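Visitor: Prediction below, plus the sequence it came from.
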Amino acid sequence: MWDVVRWLTVIDYPYTMRHAEEFYADMELAMACGEPQFYGAALKTSNLLIGGVGLHPPRAGNASEGEIEIGYWLGRPYWGRGFMSEAARAVISLGFARKTTRLIVATTALDNVASQNVLLTIGMQNAGLGLRDYSALRGDDRIVKWQMTREEWEARSSS
């Protein structure tokens, strides 16, 4: 489990049933408000949950209006098979289906090359290096920032 959790920005470890119950209560509330924040990634053949993708208000303190953040996780046995690129691409489209979304952002650890490849594959642009303004589980506050504007998404979607 640490192989997956070590890349996540904000998560309790070890993750208990209480954490899961709190997470799902928050997600139910977001769904009831009409803006889902979490989407499960499942195998098409068996409907087995293998990961998830979230859209949420950015954790960075300097976020602008119309900005949302994408984050995701995928079970270790499914890495390197294109599943997360497919899921994240679909969720990016859902994010831009919200009329108020003008920018989708993400962050990765400097050494999380696999996640950076997912973001490149779905069309996000490297926006440079930075420091987190919130604490991360790994304790390393250096990040690579990523972004996609509505205009970039529309250009990719129409081609």
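Guide: Noted; the coordinates are in hand. Numbers count the residues shown, from 1 in each chain.
Visitor: Report the backbone C-alpha coordinates of the host helix or strand of residue 116 in CSV.
Guide: Taking DSSP states H and E as the criterion, residue 116 maps to helix 113-121. Only the C-alpha atoms of helix 113-121 are listed here, as CSV (Å, rounded to 0.1, in the frame of the first residue of the first chain):
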residue,chain,number,x,y,z
VAL,A,113,7.8,10.3,-13.4
ALA,A,114,4.8,8.0,-13.9
SER,A,115,2.4,10.6,-12.7
GLN,A,116,4.1,13.3,-14.8
ASN,A,117,3.7,11.0,-17.8
VAL,A,118,0.0,10.7,-17.1
LEU,A,119,-0.4,14.4,-17.1
LEU,A,120,1.6,14.9,-20.3
THR,A,121,-0.5,12.2,-22.0
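Visitor: which element follows it toward the C-terminus?
Guide: strand 125-131.
Visitor: in the sheet, who's paired with the closest residue in space to residue 106 that isn't next to it in sequence?
Guide: Nearest residue to residue 106 in three dimensions, chain neighbours excluded: residue 146, at 4.3 Å (C-beta to C-beta, 6 or more residues apart in numbering). All C-beta atoms are positioned from the backbone trio N, CA, C, and that covers glycine. Beta-bridge pairing for residue 146 (DSSP bridges): residue 106, residue 126.
Visitor: What residues sit buried inside the helix holding residue 116?
Guide: By neighbour count with 16 or more other C-beta atoms under 10 Å, helix 113-121 contains the buried residues 115-116, 118-119.
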